[in-house]
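> Show me the folded form of this:
(one chain, ligands or ions: 2)
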Amino acid sequence: MSDFKVDRLKRMEQAMLTCTMCGFCKSVCPSYKESGWDTSAARGRVILSYGLTQGDLEPDEEVMEALYTCTTCMDCYRRCPSKVDVVGIVEDARKDMVAAGNMLSKHEEIVSKVKELGNPYGEERSVPESLGEEVRSASLAYFAGCTATYRSESISKAALSIFKKLGEDFTVLDEVCCGSVMGRVGCPDEDITPLMQRNIDNISSLGVETLVLSCAGCYRMFKEDYPKHVKVPFRVLHFTEWLVGRKPVLRPLEKRIAYHDPCHLGRHAGVYDAPRQLIGSIPGATLVEMTNNREQSRCCGGGGGVRSAYPEVARSIASARLDEMEADILVTACPFCVTNLKAATGENMNIMDITELVDCLL
Ligand code: SF4
Ligand code: SF4
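Ligands and ions are numbered 1, 2, ... in the order given. Below you'll find the predicted structure:
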């Protein structure tokens, strides 16, 4: 057995010893609420992961479903008195399953598109072509991410519009997928690191000092995962962090605005204030917090590869989240959350990325 696997087993054993079976995680786990089975709650997933890594369990359909309906939202970790790292353990178990040749067919499709074309949507257009912008040297660069480039273009267009309205000297990037989707579904680091290095080399060659990102998942990758594997020689900011520093002067909007915290921006990366400060800077607007907000925010249901492999679960979790909203507009700060939340509505709910909202008012 490799040292790597021994380390994982030790971590899982430690987690099982630490878990007191209190069940607090069940009260927040969005996928447990959908299935009602203990195997789909945080503590159940830790036990399944251990059984798999030990070789006591086979990765059959039910085991795969229990481990791949985890959205990696991290709410269990927040709630857990013993601080069991469920996301880390689930992601390790996914890596073991993938290494043993077990990957969900939907994820296989996505991963092969990333490897072949550099994005999970199978698009052949490059990012600069899609955005209609040239790549050039500049100290400020925008990493649009695959979803805001190929599926929710209005968000990347809004970001570019804001740069231009504020007179910024910026560049778009000849980017490839940040690697988030591959990391979340269990691909080995050897497959993801080349994507990281390619992005870093492209960005560095332009003399970039500050990288600004729209997507919470890409942001988490650059901020937390990239530094573990590659050198990141520039500052990384989420679009909201950068924008709040520019103090945009916005037109009034007499609306009640709710804010949904993306899990990968909030709980994973600790960014809660910048989006709220931006909403607070809109004259006439009122920020109406959702029932569960900030650290206690509930997941939109789309992350961790759940939306692609189990779309019904993703939609149902998004519906539950939308039930908490009592405002005129729901704003979030991640193109992937926007897509997943919109898929759960009959399009009769006003849901937008904060970039789009700011661009309308600038
Ligand atoms: S990360 Fe989220 S979905 Fe996964 S076990 Fe924890 S609470 Fe449940
Ligand atoms: S909250 Fe933590 S200690 Fe309690 S059952 Fe869940 S994982 Fe175990």
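> before we move on, could you check phi and psi at residue 152?
For residue 152, the backbone dihedrals are phi -130, psi 60 (criterion: degrees, to the nearest 10).
> can you pull out the strands in the chain?
140-143, 170-172, 210-213, 235-238, 256-260, 286-287, 329-332, 351-353 (DSSP state E).
> So in that sheet, which strands flank the fifth one, and in what orientation?
When pairs are called by DSSP bridges, strand 256-260 turns out to pair with strand 286-287 (parallel), strand 329-332 (parallel).
> What lies in contact with the shortest one?
Residues external to strand 286-287 that are found in contact with it (CB atoms under 8 Å, 6 or more residues apart in numbering): 255, 256, 257, 258, 259, 276, 279, 280. All C-beta spots, glycine's among them, are computed from the backbone N, C-alpha and C.
> hmm, try it at 10 Å
253-259, 275-280, 293, 327-328, 331 (CB atoms under 10 Å, 6 or more residues apart in numbering).
> Which among the strands of the chain is found nearest to ligand 2?
Ligand 2 lies closest, by CB to the nearest ligand atom, to one member of these: strand 256-260, at 23.8 Å.
> Can you give me the buried ones in the closest one?
257, 258, 259, 260 (16 or more other CB atoms under 10 Å).
> ditto for stretch 37-56
Buried-residue list, stretch 37-56, by 16+ other CB under 10 Å: 38-50, 52-53.
> same question, stretch 16-23
Under 16+ other CB under 10 Å, the buried positions of stretch 16-23 are 16, 19.
> That one close to ligand 2?
Yes: using CB under 6 Å from any ligand atom as the criterion, contacts between stretch 16-23 and ligand 2 involve 19, 20, 21, 22, 23.
> Would you work out how far apart the start and end of that stretch are?
13 Å (CA to CA, to the nearest Å).
> I figured residue 20 hits residue 43, correct?
Yes: in this structure residue 20 lies within contact range of residue 43 using CB atoms under 10 Å: 9.2 Å.
> got any residues that touch both of the two?
If you check residue 20 and residue 43 against CB under 10 Å, 6+ apart, the residues they both contact are 80, 84.
> need the residues of the stretch 1-150 of the chain near ligand 2, please.
19-25, 42-43, 79-82, 84.
> Format these as CSV; extra columns: distance to ligand 1 and pLDDT.
Putting these into CSV (distance: CB to the nearest ligand atom, whole Å; pLDDT from 0 to 100) gives the following:
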residue, distance to ligand 1, pLDDT
19, 12, 92
20, 16, 92
21, 15, 90
22, 14, 93
23, 12, 92
24, 11, 94
25, 6, 94
42, 4, 90
43, 9, 90
79, 8, 96
80, 9, 96
81, 14, 95
82, 14, 94
84, 9, 95
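> Can you name the two of those that sit furthest apart?
For those, the farthest-apart pair by CB to CB is 21 and 79; their separation is 13.9 Å.
> Next, count neighbours for the nearest residue to residue 268 once chain neighbours are set aside.
Closest residue to residue 268 apart from its sequence neighbours, by CB to CB, 6 or more residues apart in numbering: residue 220 at 5.0 Å. Residue 220 is flanked by 26 other residues according to other CB atoms under 10 Å.
> got a list of what residue 220 touches?
72, 178, 180, 183-184, 213, 226, 238, 262-265, 268-269, 271, 303.
> how close does it get to ligand 1?
Counting by CB to the nearest ligand atom, to the nearest Å, the gap between residue 220 and ligand 1 amounts to 14 Å.
> for residue 323, what are its contacts?
Residue 323 sits next to 290, 291, 298 when contact means CB under 10 Å, 6+ apart.
> same deal with residue 150?
Contacts of residue 150 by CB under 10 Å, 6+ apart are 119, 120, 121, 122, 123, 125, 127, 130, 144, 156.
> ok, now with 6 Å
Taking CB atoms under 6 Å, 6 or more residues apart in numbering, we find residue 150 in contact with 121, 123.
> What score does the residue in the stretch 201-350 of the chain positioned nearest to ligand 1 have for pLDDT?
Distances between the stretch 201-350 of the chain and ligand 1 by CB to the nearest ligand atom are smallest at residue 299, namely 6.1 Å. Note on residue 299: pLDDT of 97.
> No further queries at this time; thank you.
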